[in-house]
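# Kindly generate the corresponding structure for this input.
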Amino acid sequence: MAQILVIGIVLSSILLVLVVLIQNSKGGGISSNFTSANQIMGARRGSDVIEKTTWTLSIVLLICCVLAAPKTSGALDGADESITKQKATNAVAPQQAPIQQSAAPSGK
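Okay, the predicted model is just below:
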């Protein structure tokens, strides 16, 4: 399953780069709304297909990356405890000094 996702990531990345390079580099934003009067008879459709392809490939890439991410529940490499807990349990606890008992005074 992971190999299929990696192949999907690589293919969608390559195709996304190619589609982005195909796109028109005129810029856009607010000014593109006022200059579209010369794109009446279908010239706009080509950029719509490229834009939809770009969005589709980016969504496919995102989904493949999320699915390919390792599923960890707070543990690394299948360990049940964190590294800090493992180090803490393996650490040597300091020894307490023996309690000195004073001699009880004799009752005389």
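
# for the helix or strand that contains C64, what is the average pLDDT?
Here C64 is covered by helix 43-68, with elements defined by DSSP states H and E. What helix 43-68 shows for mean pLDDT is 86.

# In that helix, which of the residues would be classed as buried?
For helix 43-68, a neighbour-count test (16 or more other CB atoms under 10 Å) marks 53-54, 57, 60-61, 64 as buried. All C-beta atoms are positioned from the backbone trio N, CA, C, and that covers glycine.

# same check, this time on stretch 13-21
The neighbour-count check on stretch 13-21 (16+ other CB under 10 Å) flags 13, 15-16, 19 as buried.

# Would you mind checking which of these is nearest to P70?
For these, the residue nearest P70 by CB to CB is S13; the value is 19.4 Å.

# Against L67, how distant is that closest one?
Relative to L67, S13 is positioned 15 Å away (CB to CB, to the nearest Å).

# Can you list the residue ranges for helices in this protein?
Ranges of helices in the chain, per DSSP state H, are 2-22, 31-34, 43-68, 83-90.

# just to revisit the earlier point, would you convert the buried residues of helix 43-68 into CSV that also reports distance to P98?
CSV is the format used below for those (distance: CB to CB, whole Å):
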residue, distance to P98
T53, 78
T54, 75
L57, 72
V60, 69
L61, 66
C64, 63
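
# Nearest to Q95 among those residues?
When these are ranked by distance to Q95 (CB to CB), C64 comes first, at 54.7 Å.

# Phi first, then psi, for P70.
Reported as degrees, to the nearest 10, the phi and psi values for P70 are phi -70, psi 140.

# so how many other residues sit close to it?
7 (other CB atoms under 10 Å).

# any low-confidence regions in this structure?
The chain contains residues with pLDDT under 70 at 25-46, 72-82, 93-94, 103-108.

# hmm, 80 instead?
For the chain, the stretches with pLDDT under 80 are 1-2, 24-47, 71-108.

# I9 and L21, how far apart?
19 Å.

# what do you get for K71?
Relative to L21, and taking CB to CB, K71 is found at 35 Å.

# likewise Q86?
In terms of CB to CB, Q86 sits 49 Å off from L21.
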